[in-house]
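> no FASTA, just this:
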């Protein structure tokens, strides 16, 4: 009897490839479910904390009438409602070896990190301007006003500014970077850095829940994701994130202290300085890295097409539910 092994090699190879594809899709789906579940838990805890505050009259009155107290509550929500669900998601993924240790070490190159921080801040300011133009265009052409949650911080008091600097600038920089660039980005790098940057930026964007911040967060997320990967440390992202938020706090504080003319002059000078410094740093960075995208890895797993990876991440029940709920939340900030 003769055996024609060669005739079956293609078949068995195809079968193995399909098994490997399914295995990788399940891995991406697990990361997606962990991420989507964390988002839903964050939204649920936000709602629960809000209901608890509403049922306790003295606390509710303080929340409405005391900006320092409401800022403090916001910090608690940031720490517990967002950090804990994503910490659990990270732990679950780490137990399966789907994500490595957080990249919190020293950068590959301190000089390059400094340049990318300056470029990152410049990109964040540019994203702010682009988002403002987008919102104005939507209102002018469609009569639809895009808004965001009201900032209740008291920028007229020292304590209010300190609390805002901590609650608006420092805490979100650390907590959100852990959730997005620490968990989501790192877990998806196996499938290519570009894919990981885009998906983590998408999650970062929708988490903000309004069309003023979503476009900004997506653009900023791409820059921060690239900077974290290029420098090999999350500290790059944390610094960019913190600096951008701190600039917003400084602007809001000075808007309470200066005349409109003085404030406009200050903001213009600040933005011009940021663009000059950022532009110079970008030029030096590109001189050393003429092909900046080439440093991005294709990942360990190249068996899945981009469409397969994307659908595996976006089309799990928890992720779809999270997108829908955040979409509904976003709709409340669109006024026709």
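Ah, there it is. Fair warning: this is a prediction, and the values are worked out from it, not measured in the lab. Residues are numbered from 1 along each chain as shown.

> all contacts plus neighbour counts: C-alpha atoms, from now on.
Noted.

> Give me the number of neighbouring residues for residue 227.
Using other C-alpha atoms under 10 Å, residue 227 has 24 neighbouring residues.

> Next, work out how far apart it and residue 84 are.
25 Å (C-alpha to C-alpha, to the nearest Å).

> repeat for residue 101
Residue 101 is 17 Å from residue 84, by C-alpha to C-alpha.

> Comparing the two, which residue is more hemmed in?
Counted by other C-alpha under 10 Å, residue 101 and residue 84 do not tie: residue 84 has more neighbours, with 17 against 11.

> Which secondary structure state is assigned to that one?
helix (DSSP: H, G, I helix; E, B strand; the rest coil).

> The stretch 1-150 of the chain: strands as residue ranges?
For the stretch 1-150 of the chain, the strands defined by DSSP state E, counting those that start in this stretch occupy 145-146.

> Low-confidence bits of it, can you list those?
Within the stretch 1-150 of the chain, the segments meeting pLDDT under 70 span 1-14.

> Burial check on residue 283, number of neighbours?
Neighbours of residue 283 (other C-alpha under 10 Å): 15.

> should've said residue 335
Using other C-alpha under 10 Å: residue 335 sits among 11 other residues.

> Nearest the middle, which residue of the protein would you pick?
residue 204 (2.9 Å; C-alpha atoms, centre = their mean).

> contacting residues for residue 156?
253, 256, 257 (C-alpha atoms under 8 Å, 6 or more residues apart in numbering).

> Just the buried subset of those residues, please.
residue 253 (16 or more other C-alpha atoms under 10 Å).

> I'd guess residue 209 is in a helix, am I close?
No. Counting by three-state DSSP, residue 209 is located in no helix; its state is coil.

> Contacts only, for the residue lying closest to it once chain neighbours are set aside.
Once flanking residues are discounted, residue 209 sits nearest to residue 330: 4.8 Å by C-alpha to C-alpha, 6 or more residues apart in numbering. Contacts here follow C-alpha under 8 Å, 6+ apart; on that basis residue 330 touches 209, 210, 211.

> all helices of the stretch 101-250 of the chain, in order?
110-142, 158-164, 171-177, 185-188, 193-206, 213-231, 234-257 (DSSP state H, counting those that start in this stretch).

> Buried ones in the helix or strand that contains residue 323, by neighbour count?
Using DSSP states H and E, residue 323 sits within helix 317-331. Residues of helix 317-331 classed as buried: 318, 319, 320, 321, 322, 323, 325, 326, 327, 330 (neighbour count, 16+ other C-alpha under 10 Å).

> on that earlier part again, using a markdown table, lay out the contacts of residue 156 together with distance to residue 151 and pLDDT.
Output for these, formatted as a markdown table (distance: C-alpha to C-alpha, whole Å; pLDDT from 0 to 100):
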| residue | distance to residue 151 | pLDDT |
| --- | --- | --- |
| 253 | 12 | 95 |
| 256 | 13 | 92 |
| 257 | 17 | 93 |
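
> Adding distance to residue 300, write the helices of the stretch 101-250 of the chain out as CSV.
Output for those, formatted as CSV (distance: least, C-alpha to C-alpha, whole Å):
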stretch, distance to residue 300
helix 110-142, 25
helix 158-164, 42
helix 171-177, 24
helix 185-188, 10
helix 193-206, 10
helix 213-231, 15
helix 234-257, 21
